[in-house]
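Asker: please find the sequence and the predicted model below.
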Amino acid sequence: MVYYLIICRSLTYAQRTAAALERAGITAHIRRSPRAIDQEGCSHSVKVSERNLRNALLILNRVGLPPKRVFLMKGEGSYEEVLL
């Protein structure tokens, strides 16, 4: 299955992001951002499935929690930034 990481600027924003998505019926998991994509050293991200990404981004923009960046998680452990 294909997953995306929605990068948040802090743990608090990741918690708010995950809560907003869960309220909308979208499964979301908070995790530390991988070192390969973490530019600040302390960011957190929310993992969502490919089928939920579009709705997740719409919901987050509607509630005032736009993501900093979004990355596609590739199967071999690499990441590719998705331009929004």
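Answerer: Perfect, I can see it now.
Asker: go through stretch 51-71 and flag the buried ones.
Answerer: By neighbour count on 16 or more other Cβ atoms under 10 Å, the buried set for stretch 51-71 is 52, 53, 56, 57, 59, 60, 65, 67, 69, 70, 71. C-beta: built from backbone N, CA, C; applies to glycine.
Asker: Three-state assignment for residue 4, please.
Answerer: What DSSP: H, G, I helix; E, B strand; the rest coil gives for residue 4 is strand.
Asker: can you tell me how far the residue nearest to it when sequence neighbours are not counted sits from residue 34?
Answerer: Of all residues not flanking residue 4 in the chain, residue 53 sits nearest, at 5.0 Å (Cβ to Cβ, 6 or more residues apart in numbering). Separation of residue 53 from residue 34 (Cβ to Cβ, to the nearest Å): 18 Å.
Asker: what's the closest of the buried residues of stretch 51-71 to residue 43?
Answerer: For those, the minimum distance to residue 43 (Cβ to Cβ) is 9.1 Å, reached by residue 69.
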